[in-house]
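A.B. asks: With the sequence up front, the predicted model follows.
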Amino acid sequence: MLSIPIKLNLPRIPRLVTSLPGPRAQAIVQRDRAVTSPSYTRDYPLVVSRGQGCMVEDVDGNVFLDMTAGIAVTATGHAHPEVVKAIQEQSARLLHMSGTDFYYEPMVELAEQLAIRAPFPHPQSDTAFPAKIFFTNSGAESNEGAIKLARYYTKRSLIVAFLGAFHGRTYGAMSLTGSKAVQRANFGPLVPGVTHIPYGTHASLDYLEQQLFTTILPPQEVAAIVVEAIQGEGGYIVPEDGFLQRIREICDRHGILMVVDEVQAGMGRTGRLFAIEHWGVMPDIITTAKGIASGMPLGAILARPELMTWPPGSHATTFGGNPVACAAGIATLRLLESGLMTNATQMGELLQASLTQLHQRFRRVSLPRGKGLMVAVDLLDEQGNLDHKLRDHIIQEAFLRGLLLLGCGKAAIRFCPPLVIDSDQIQIALEIISEILQQFSCI
């Protein structure tokens, strides 16, 4: 069997050997600008060459501590040996055959493993599964399919989504998204029938029930309420206690489907396979992607079996459920359950405790929020208002010190590292941020 030896020995702490960006990185950035779309968002000129665990090395030999995981994707760390081995072995056997038209075992095996773990009611029969699975290439595609499935099953057209939500940039997903104006500007008309309300509070659900349902949004015409268990790009916002349970109750009362977007929060990031499990709520449909295959392009729609009744040809995909991506997904799921979800819980607690200490020391840092290794803090100005300029400065300065961070929300820094991160690496990250805050006199 073909096997390519992988020998990486990256240090477990940042190591900078050139000014940033280095000469090779500068040259590649210039080449990129000449040929790629300007719609890509690049926060800083990082040109990655290779990765190992929580560390990445750029083309000039600089090594960075990665607290982004490729935007919450490399759940098992960069180039985990078991995932790499699964990819190598599967690619030597079969690269593609399209699960839309044919069958192959890796797709069936991963579907079985996801279905049995879905937080849906479990059937009485030992041979039945609590979910059916449709594989996609991305989170946006998963959410597109969820819209279609909800409308198909309910024969209704209206959808409720939330301000601050991010569900993707393709047309249906973009129509659900309520995060930033630039993501929707000049792209209209969008998919009709979507109404947005504020996220995470009972006051918002009061408004839905007492105002919208009685005036302009007949509940008997609503197909779905689409919600993130923890809002991602909107700021890593954890909803009020009872918020998700109440959405479930509203859906049950009016025959509406509850669709939970777990694209960023799912696949072990919060210490549970799906974040919704923290609240004991059983949705009707779950969408996922990002961490599902440790970096391979894969997503999935999980639905209660009685909902997935659309006929052959009504929804399909050429590359979704690719055999190599599914092999990576199987290896990823095994690693998550053999210790990485436990580590996400433990390291998440340490991260929040360390960020709380940072808040106590620096008045311009908010208290942390989140679950597991899905954590954020806001940056504040002297008056206690959100300060996106300070947030952006910190992210840039962190890069120059060998720490990779990303923003979210209006002024938040998100911490979504690979789930293999250890306590020493968390402390290194916090020390770097502390040095930057001292530089900006945020004490």
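C.D. replies: Yep, it's here. Residues are numbered from 1 along each chain as shown.
A.B. asks: leaving aside the residues next to it on the chain, what's closest to Tyr104?
C.D. replies: Pro323 (5.3 Å; Cβ to Cβ, 6 or more residues apart in numbering). For the C-beta atoms, the positions are set from N, CA and C on the backbone; glycine is no exception.
A.B. asks: Would you mind confirming that the one you found is in contact with Phe102?
C.D. replies: No: at 10.3 Å, Pro323 does not count as touching Phe102 under the criterion of Cβ atoms under 8 Å.
A.B. asks: neighbour count winner among the two?
C.D. replies: Counted by other Cβ atoms under 10 Å, Pro323 and Phe102 do not tie: Pro323 has more neighbours, with 21 against 8.
A.B. asks: tell me the contacts of the more buried one?
C.D. replies: Taking Cβ atoms under 8 Å, 6 or more residues apart in numbering, we find Pro323 in contact with Gln90, Arg93, Leu94, Leu95, His96, Met97, Tyr104, Pro106, Met107.
A.B. asks: so what's the backbone phi/psi at the nearest residue to the fifth one once chain neighbours are set aside?
C.D. replies: Leaving out its chain neighbours, the residue that sits closest to His96 by Cβ to Cβ, 6+ apart is Asn322, at 6.0 Å. Torsion angles at Asn322 (phi, psi; degrees, to the nearest 10) stand at phi -50, psi 140.
A.B. asks: right, and Asn322 touches Leu298 too?
C.D. replies: Yes: judged on Cβ under 8 Å, Asn322 makes contact with Leu298 at a distance of 7.2 Å.
A.B. asks: and Glu105, how many neighbours?
C.D. replies: Neighbours of Glu105 (other Cβ under 10 Å): 11.
A.B. asks: which residues in the stretch 1-150 of the chain form helices?
C.D. replies: Remark: helices assigned in the stretch 1-150 of the chain by DSSP state H, counting those that start in this stretch are 23-35, 69-72, 81-93, 105-117, 139-154.
A.B. asks: Name the single longest helix found in the protein.
C.D. replies: helix 341-361 (DSSP state H).
A.B. asks: Could you name the helices and strands sitting against that one?
C.D. replies: strand 369-371, strand 374-378, helix 423-439 (3 or more Cβ pairs under 8 Å, 6 or more residues apart in numbering; DSSP states H and E).
A.B. asks: which strands and helices sit next to the longest strand that the chain contains?
C.D. replies: As far as residue count goes, and with DSSP state E defining each element, the longest strand of the chain is strand 222-228. Secondary-structure packing of strand 222-228 (3+ Cβ pairs under 8 Å, 6+ apart): helix 139-154, strand 158-162, helix 243-254, strand 257-261.
A.B. asks: Report the angle between the last one and strand 222-228.
C.D. replies: Orientation note: strand 257-261 sits at an angle of 30 degrees relative to strand 222-228 (axes from the mean of the first three to the mean of the last three Cα atoms, to 10 degrees).
A.B. asks: same question for strand 257-261, mean pLDDT?
C.D. replies: Strand 257-261 carries an average pLDDT of 98.
A.B. asks: Can you point out the buried residues in whichever helix or strand comes after that strand?
C.D. replies: Counting by DSSP states H and E, the next helix or strand C-terminal to strand 257-261 is strand 285-288. Buried residues in strand 285-288, defined by neighbour count with 16 or more other Cβ atoms under 10 Å: Ile285, Ile286, Thr287, Thr288.
A.B. asks: Closest to Gly313 out of these?
C.D. replies: Ranked by distance to Gly313 (Cβ to Cβ), those are led by Ile285 at 20.4 Å.
A.B. asks: distance of the closest one from Gln245?
C.D. replies: 17 Å (Cβ to Cβ, to the nearest Å).
A.B. asks: Equivalent analysis for Ile87, please.
C.D. replies: From Ile87 to Gln245 the distance is 40 Å (Cβ to Cβ).
A.B. asks: between these two, which one's more packed in?
C.D. replies: A count of neighbours by other Cβ under 10 Å puts Ile87 above the other of Ile87 and Gln245, at 21 against 13.
A.B. asks: Just to check, Glu277 is in contact with Arg117?
C.D. replies: No: at 9.7 Å, Glu277 does not count as touching Arg117 under the criterion of Cβ under 8 Å.
A.B. asks: picking up where we left off before, kindly compare burial across the helices and strands packed on helix 341-361 and name the winner.
C.D. replies: strand 374-378 (a mean of 26; mean count of other Cβ atoms under 10 Å).
A.B. asks: After that strand, which helix or strand is next?
C.D. replies: By DSSP H and E, the next helix or strand past strand 374-378 is helix 388-400.
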